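1. Structural data only, the sequence is not supplied:
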Ligand code: UDP
Ligand code: MG
């Protein structure tokens with residue numbers, strides 16, 4: 001392979017939230033796999049997503065002993081999808097593996113993903129054929145979610161597929177250029193297209209710790225996924241509206257007939273029924289519209305998607321300026337390249353990355 005020495009063939013990006021127990025083991029397995037594939041030309045990007053345990057300290061000690069480890073610390077907990085996006089933004093490899101840090105997705109699968117990409121795939125994603133160590137509730141809700149999503153979504157999003165995937169740099173750059181805040185990475189990658197190949201694998205149980213996805217987060221995630229990729233809920237309100245208009249017309253017809261017959265006092269119950277039914281329908285419709293309007297408001301704010309506090313490699317740490325997350329992918333790479341290779345500040349001075357010893 002004819003790359004320049006500092007060109008990275010592979011980045012492994014793992015978001016970590018309170019993963020102190022398993023992180024050392026994850027890093028050991030990821031590093032061994034990456035070394036077998038790319039020699040020294042790889043990096044492991046560990047994103048600390050506002051952990052409250054010793055995760056950042058573990059990342060710091062890993063970075064001190066392994067030059068390939070790049071630690072990224074977010075200012076607070078942003079959730080898995082944004083932490084993953086932050087890691088992708090910081091990565092510089094030609095191929096990028098996005099993987100959970102809890103060892104549910106075996107890093108060794110990379111050995112099978114790489115040859116598939118050598119044969120021309122843009123994305124190789126892991127498809128779970130069996131999941132170990134997860135509750136029946138998690139399995140049932142995940143299965144319901146994937147089935148609902150594949151019915152509703154405007155692009156084909158494969159079932160039983162998480163964010164565990166190997167992507168080509170151009171796919172990662174497009175993904176990072178998509179400005180939406182409510183990010184559903186697996187759907188967005190499907191939307192990008194190109195040659196996407198599934199690789200079936202068995203999902204292991206967590207190495208250590210517990211799931212960071214309680215029911216509340218799972219429901220929020222499902223709402224994000226469906227509203228980002230489907231306008232079917234909006235159409236439901238249209239159908240409900242049409243149906244209720246039909247009922248209203250029938251009721252009006254009925255009332256007129258009763259009026260002609262001189263029996264206008266009867267019908268109190270039907271009026272009550274109509275009032276409750278229609279107010280329920282109106283509330284449902286307002287709720288659905290509100291879901292989208294809420295998103296419009298969020299998007300309009302144009303807040304940075306995430307805020308990186310600092311980067312860490314070896315014994316150098318870098319402070320990241322405010323505008324970093326709004327720079328385009330090429331700009332970010334240039335800033336990181338310059339900073340991490342000690343070439344000083346960003347070429348155009350737009351972003352000042354301070355290298356502090
Ligand atoms: N994670 C994160 N931020 C969060 C929640 C989770 O970065 O707010 C990370 C977590 O450390 C793990 C990955 O995302 O590496 C997947 O999370 P988890 O294993 O809890 O989800 P599950 O596999 O149960 O769906
Ligand atoms: Mg997990």
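-> Perfect, I can see it now. Nothing here was measured: the structure is a model prediction, and the numbers come from that model. Numbering: from 1, shown residues only. Ligands and ions are numbered 1, 2, ... in the order given.
2. For the stretch 101-250 of the chain, just list every one of the helices.
-> Using DSSP state H, counting those that start in this stretch, the helices of the stretch 101-250 of the chain run over 110-118, 136-152, 169-177, 185-192, 215-229, 232-260.
3. Can you say which of those is packed in most?
-> helix 185-192 (a mean of 20; mean count of other CB atoms under 10 Å). Every C-beta, even on glycine, is put in place using the N, C-alpha and C of the backbone.
4. From the contact counts, what lies against that one?
-> Applying 3 or more CB pairs under 8 Å, 6 or more residues apart in numbering; DSSP states H and E, we find helix 185-192 packed against helix 80-90, strand 123-131, strand 161-168, helix 169-177, helix 215-229.
5. And ligand 1, is stretch 58-70 touching that?
-> No - no part of stretch 58-70 sits near ligand 1 under the criterion CB under 6 Å from any ligand atom; the closest distance found is 11.9 Å.
6. Present the helices of the stretch 101-250 of the chain as CSV; the columns should include mean pLDDT and distance to residue 43.
-> Shown next, in CSV, are these (pLDDT from 0 to 100; distance: least, CB to CB, whole Å):
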stretch, mean pLDDT, distance to residue 43
helix 110-118, 97, 14
helix 136-152, 84, 31
helix 169-177, 91, 13
helix 185-192, 91, 20
helix 215-229, 84, 28
helix 232-260, 76, 40
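7. With distance to ligand 2 as extra columns, can I get the ones you listed in CSV?
-> Output for these, formatted as CSV (distance: least, CB to the ion, whole Å):
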stretch, distance to ligand 2
helix 110-118, 18
helix 136-152, 10
helix 169-177, 21
helix 185-192, 15
helix 215-229, 12
helix 232-260, 28
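8. how about those helices in JSON lines, adding distance to ligand 1?
-> Below are the helices of the stretch 101-250 of the chain laid out as JSON lines (distance: least, CB to the nearest ligand atom, whole Å):
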{"stretch": "helix 110-118", "distance to ligand 1": "16"}
{"stretch": "helix 136-152", "distance to ligand 1": "7"}
{"stretch": "helix 169-177", "distance to ligand 1": "17"}
{"stretch": "helix 185-192", "distance to ligand 1": "11"}
{"stretch": "helix 215-229", "distance to ligand 1": "7"}
{"stretch": "helix 232-260", "distance to ligand 1": "24"}
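9. Tabulate the ones you listed (JSON lines), appending distance to residue 52.
-> Listed next are the helices of the stretch 101-250 of the chain as JSON lines, based on distance: least, CB to CB, whole Å:
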{"stretch": "helix 110-118", "distance to residue 52": "30"}
{"stretch": "helix 136-152", "distance to residue 52": "23"}
{"stretch": "helix 169-177", "distance to residue 52": "28"}
{"stretch": "helix 185-192", "distance to residue 52": "24"}
{"stretch": "helix 215-229", "distance to residue 52": "16"}
{"stretch": "helix 232-260", "distance to residue 52": "35"}
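10. Got the domain ranges for the protein?
-> 10-212+303-356, 232-301 (automatic domain parsing).
11. so which of the ones you listed gets nearest residue 225?
-> Between residue 225 and the domains of the chain, the shortest gap by CB to CB is with domain 10-212+303-356, which sits at 4.5 Å.
12. Select the longest helix from the chain.
-> helix 268-301 (DSSP state H).
13. what number of residues lie near the closest residue to residue 152 other than its chain neighbours?
-> Closest residue to residue 152 apart from its sequence neighbours, by CB to CB, 6 or more residues apart in numbering: residue 230 at 4.1 Å. For residue 230, the neighbour count with other CB atoms under 10 Å is 18.
14. With that, I have no additional questions.
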